[in-house]
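Student: Here's my sequence, what's the structure:
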Amino acid sequence: MGQGQPTQSRASNSLLQGAEAEVAAGILPTALSDQENRMSRFLRFLVVFVIFFHLVAFIGEVFLWMYPSVHEFSLKRLDVPVDVGLYEQALILKTLFVNQGFYNLFVACGGILGFWMRVNGFKQSGDVLLAYMCLFAVGAGVVLLFTTRAYIPGVLQSLPALIALMLMYRNSSSESDV
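Tutor: Residues are numbered from 1 along each chain as shown. I've put the predicted structure just below:
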């Protein structure tokens, strides 16, 4: 047992030295200081809200769609001029809403991955994912606002994401000035 320990520590030291060399070569990220990885509480709240909004949309569109309160809430705001009842419309559109729900899940996953990357030293990549998620949410929210009567969901989808984007841009501009 005593002989295994030196071998294990030599292997650990070798791995550590290899990782240090990769950090120096720019292959692995260095640990960022709290100041470098800083994200204001308000910005963090907005980004988490955007992620949460898309997760809730996923759950509603994939798992709860056929509940009358869920599909009626959405379909009444679509303002579709058809002579088919809301339940029949929900059945017809079920597959499309499941697809849309998974789209929302993947958008939220991009935001979650962006946070994970920031925490693990990949700040720029994480910021790009968070910005893309917010751009996506703004675009989808604007389309929702202009094509339906779903004004509250459209504002809830786009406005927090837009404010988050503006704060991210301001933060990136002030970092590049340093």
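Student: Against Glu61, how distant is the spatially closest residue to Leu64 that is not a sequence neighbour?
Tutor: Distances taken as Cβ to Cβ, 6 or more residues apart in numbering put Val70 closest to Leu64, at 4.6 Å, once the chain neighbours are dropped. In this view, the C-beta of every residue, glycine as well, is placed from N, C-alpha and C. For Val70, the distance to Glu61 equals 8 Å [Cβ to Cβ, to the nearest Å].
Student: roughly how far out does the host helix or strand of the residue nearest to Leu64 sit from the chain middle?
Tutor: In this structure, Val70 is located in helix 68-78 according to DSSP states H and E. Helix 68-78 has its average C-alpha position 25 Å from the chain's average C-alpha position, going by Cα atoms, centre = their mean, to the nearest Å.
Student: buried set for it?
Tutor: Within helix 68-78, the residues scored as buried using 16 or more other Cβ atoms under 10 Å are 70-71, 74-75, 77.
Student: same check, this time on stretch 104-117
Tutor: Buried positions in stretch 104-117, judged by neighbour count with 16+ other Cβ under 10 Å: 104-105, 107-115, 117.
Student: hang on, the earlier thing: I'd like to know the average pLDDT value across the helix holding Val70.
Tutor: The pLDDT scores in helix 68-78 average 89.
Student: next one: stretch 95-112
Tutor: Per-residue pLDDT over stretch 95-112 has a mean of 96.
Student: Kindly report the same for stretch 149-159.
Tutor: Computed over stretch 149-159, the mean pLDDT rounds to 94.
Student: next one: stretch 122-142
Tutor: Here stretch 122-142 scores 96 as its mean pLDDT.
Student: Just the CA trace of it, in CSV.
Tutor: Extracted C-alpha coordinates of stretch 122-142, given in CSV (Å, rounded to 0.1, in the frame of the first residue of the first chain):
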residue,chain,number,x,y,z
PHE,A,122,-15.2,29.7,-20.4
LYS,A,123,-16.5,33.2,-20.0
GLN,A,124,-16.5,34.3,-23.6
SER,A,125,-18.2,31.2,-24.9
GLY,A,126,-20.7,31.3,-22.0
ASP,A,127,-21.5,34.9,-22.8
VAL,A,128,-22.0,34.1,-26.5
LEU,A,129,-24.5,31.4,-25.6
LEU,A,130,-26.3,33.7,-23.2
ALA,A,131,-26.5,36.5,-25.7
TYR,A,132,-27.7,34.1,-28.4
MET,A,133,-30.4,32.9,-26.1
CYS,A,134,-31.5,36.4,-25.4
LEU,A,135,-31.4,37.4,-29.0
PHE,A,136,-33.5,34.4,-29.9
ALA,A,137,-36.0,35.3,-27.1
VAL,A,138,-36.3,38.9,-28.3
GLY,A,139,-36.9,37.9,-31.9
ALA,A,140,-39.5,35.3,-31.0
GLY,A,141,-41.2,37.7,-28.6
VAL,A,142,-41.4,40.4,-31.2
